[in-house]
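Asks: please find the sequence and the predicted model below.
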Amino acid sequence: MLYFLMTWNLLAIVCWMAGISLLNLLQVRCFDRIGDRAIVSIWSGIVLLSISWLAASFIVPLSPVVGLTVAGIFMVVALRSKRTWDEIAQLKAAYSIRWLIAIFCLALLTAVLIDRPMVWFDSGGYHIGLIRWLAQAGTVPGLALINYAFGFTSSWFAFAAPLVPEILGHHLGAVTNGFVFFLAALHLL
């Protein structure tokens, strides 16, 4: 559960920075509320990061080091922009300690709900296996010849691959789905 909380915090920051860079690059100014812009930035960052990790999997395995390297590149690019620093200042001014406590309680509740054994047959059947394969070998040409389900390489699996380190076991496969559930609950909040 502690791993979920730490990973979600790091993901929220990295995805927000990648997404805010994309929104600033595209000059998107249609949001009246700063919270809406932040949520859209995080979702955009998830898409950008997952596609980037999938592209990287064609060259190298998606280990946590590779994941941190790609995420670090996005963060460096984002932090070089004055607009990003302006957005950080706006977020700090808009949210009080009460909001941060509410967000932490929501994350804790989500982590408690997510930290259970997976019971869906397809997760154990090929999802976790393909995520492990991406983390250990990257995208392997001809993998569908072994099992047709392995022929579908999803950017969502690539998004999960660097986040499920081998030393922590296979039970952390829900880290990305839990993050999405947390974001949806945060959006409702």
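Replies: Great, that's in hand. Numbers count the residues shown, from 1 in each chain.

Asks: Phe58 and Met6, how far apart?
Replies: With the distance defined as C-beta to C-beta, to the nearest Å, Phe58 ends up 29 Å from Met6. In short, each C-beta sits where N, CA and C put it, glycine included.

Asks: farthest residue from the center of this structure?
Replies: Leu145 (29.6 Å; C-alpha atoms, centre = their mean).

Asks: got phi/psi on that one?
Replies: Backbone torsions for Leu145, taken as degrees, to the nearest 10, come to phi -70, psi -20.

Asks: where in this structure is pLDDT low?
Replies: Counting by pLDDT under 70, the chain shows low-confidence ranges at 117-126, 149-150, 168-173.

Asks: quick one: the helices in it?
Replies: With DSSP state H, the ranges of helices along the chain come out as 2-25, 34-56, 64-79, 82-94, 97-114, 121-122, 128-137, 155-160, 175-188.

Asks: now do the third one: distance to the chain's middle.
Replies: Just to be clear, that refers to helix 64-79. Using C-alpha atoms, centre = their mean, to the nearest Å, we find the averaged C-alpha position of helix 64-79 to lie 12 Å away from the chain's own average C-alpha position.
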